[in-house]
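Chemist: what shape does this take:
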Amino acid sequence: VRLVESGGGLVQPGESLRLSCAASGFTFSTVTMSWHRQAPGKERELVALISSVGGNTNYADSVKGRFTISRDNAKNTVYLQMNSLKAEATALYYCNANVPATPFNYWGQGTQVTVSS
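Modeler: Now for the predicted structure:
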């Protein structure tokens, strides 16, 4: 299993970024995918999740209406579109692949997002 995040960077408040996570080594369409983030000195938190079946999504309250998670099963890739970024979004963003109630749970290496003027 391999998860490779990309798309992070330094942006100003109010700007946008799109993160990508390219997955390999498993049947992507059958796995719940999610984005998490960890800011310095804080615990890792769930940002957004998209289910394997039906593409149901769930978001942290802090990002609802501004972030959108999506998946392209043909490309084995999950995305996180982040709009109207705020300084508090600064964190290392991780991609996760998970099958609930099973040991299948994998993380990418993370991509840094910094929002600063």
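Chemist: what secondary structure does the most centrally placed residue in the chain sit in?
Modeler: The centroid of the chain falls nearest to Trp35 when counting by C-alpha atoms, centre = their mean (2.5 Å). With DSSP: H, G, I helix; E, B strand; the rest coil as the basis, Trp35 sits in strand.
Chemist: for it, give the beta-bridge partners.
Modeler: With DSSP bridges as the criterion, Trp35 is bridged to Ala48, Cys95.
Chemist: how close does it get to Thr114?
Modeler: According to C-beta to C-beta, to the nearest Å, Trp35 and Thr114 sit 16 Å apart. To be clear about C-beta, it is placed using only N, CA and C from the backbone, and glycine gets the same treatment.
Chemist: about what we covered before: pretty sure the residue nearest to the centre of the chain is in contact with Ala91, am I right?
Modeler: No - at 10.5 Å, Trp35 and Ala91 do not qualify as touching, with contact defined as C-beta atoms under 8 Å.
Chemist: tell me the strands beside whichever strand or helix holds Val113, with direction?
Modeler: Here Val113 sits within strand 111-115, counting by DSSP states H and E. Here strand 111-115 has these sheet partners by DSSP bridges: strand 9-11 (parallel), strand 91-98 (antiparallel).
Chemist: what does that strand rub up against?
Modeler: Contacts to strand 111-115, defined as C-beta atoms under 8 Å, 6 or more residues apart in numbering, come from residues 5-13, 15, 17, 19, 37, 82, 85-93.
Chemist: just the buried ones from the residues you listed?
Modeler: Neighbour-count burial (16 or more other C-beta atoms under 10 Å) is assigned, among those, to 5, 7-8, 11, 17, 19, 37, 82, 85, 89-93.
Chemist: could I get those residues as TSV with pLDDT and distance to Ser29?
Modeler: Formatted as TSV, those follow (pLDDT from 0 to 100; distance: C-beta to C-beta, whole Å):
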residue	pLDDT	distance to Ser29
Glu5	98	19
Gly7	98	22
Gly8	97	25
Val11	98	31
Leu17	98	25
Leu19	98	20
Arg37	98	25
Met82	98	24
Leu85	98	30
Ala89	97	29
Thr90	97	32
Ala91	98	28
Leu92	98	27
Tyr93	98	23
